[in-house]
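Novice: my questions are about this predicted structure, shown below with the sequence.
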Amino acid sequence: MNQINTAIDRNACAQLDDQLSQRFIALDPLGYFLIRVDVAAAELVVEHYVNTIDEQGIARDTDSGEVIACRQDGPRTPSAIWRGRTAKEVGIHLSEGEVDHPLSRLDHALYLGRELQKAEQCLRDGSTYVQD
């Protein structure tokens with residue numbers, strides 16, 4: 001039986017991902033998430049923040065009306081926090097059950113799934129997680 005070479009061209013994949021990252025992204029009106037790895041607790045931590053999306057599609061702080069920068073450090077307080085040992089565990093908390101879910105867009109849910117998998121891998125192998 002012939003084997004087909006299925007090697008991934010990492011450079012081509014990186015270029016494709018970079019290109020796709022440049023597209024317009026409609027923000028989720030229910031808010032955004034910050035993901036981090038708590039190495040000491042061996043857990044993924046997901047914080048949800050509410051925001052307002054203005055008529056130009058820009059995220060603004062619900063209280064102050066100020067634009068929320070992507071790399072902003074500041075005093076914002078999360079509206080909810082989820083913790084779990086795996087991407088699957090946190091994903092289930094975010095998307096299943098009888099409570100209101102903080103996601104209204106499928107593309108946002110897919111993004112979170114990818115990021116949670118990436119964070120879990122970093123937790124497992126001890127590397128630094130950086131959210132995309």
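Specialist: Right, received. Where do you want to start? Numbering: from 1, shown residues only.
Novice: from now on I want contacts and neighbour counts done on CA atoms only, so please keep to that.
Specialist: Fine.
Novice: burial count for Val90?
Specialist: 20 (other C-alpha atoms under 10 Å).
Novice: what's around the closest residue to it other than its chain neighbours, how many residues?
Specialist: In space, Val90 comes closest to Gly84 once its chain neighbours are excluded; the distance is 5.2 Å by C-alpha to C-alpha, 6 or more residues apart in numbering. For Gly84, the number of neighbouring residues by other C-alpha under 10 Å comes to 20.
Novice: Pro102 now?
Specialist: Taking other C-alpha under 10 Å as the neighbour definition, Pro102 ends up with a count of 20.
Novice: quick revisit: ok, the residue nearest to Val90 - contacts?
Specialist: By C-alpha atoms under 8 Å, 6 or more residues apart in numbering, the residues touching Gly84 are 43-45, 90.
Novice: how about Ala80?
Specialist: Under the criterion of C-alpha under 8 Å, 6+ apart, the contact list for Ala80 reads 47-49.
Novice: just the strands in the protein please.
Specialist: Taking DSSP state E as the criterion, the chain carries its strands at 32-38, 43-49, 52-53, 59-60, 80-84.
Novice: from the middle of its chain, how far away would the fourth one be?
Specialist: Spelled out, it's strand 59-60. 17 Å (C-alpha atoms, centre = their mean, to the nearest Å).
Novice: for it, which helices and strands make contact with it?
Specialist: Other helices and strands packing on strand 59-60, by 3 or more C-alpha pairs under 8 Å, 6 or more residues apart in numbering; DSSP states H and E, are strand 52-53.
Novice: how about low-confidence regions in the protein?
Specialist: Low-confidence segments of the chain (pLDDT under 70): 1-7, 70-75.
Novice: from Ile81, how far out is Ala26?
Specialist: With distances taken as C-alpha to C-alpha, to the nearest Å, Ala26 is found 23 Å from Ile81.
Novice: relative to strand 43-49, how tilted is the longest helix that the chain contains?
Specialist: Once the chain is assigned using DSSP state H, the helix that runs over the most residues is helix 106-125. Using axes from the mean of the first three to the mean of the last three C-alpha atoms, to 10 degrees, the direction of helix 106-125 lies 150 degrees away from that of strand 43-49.
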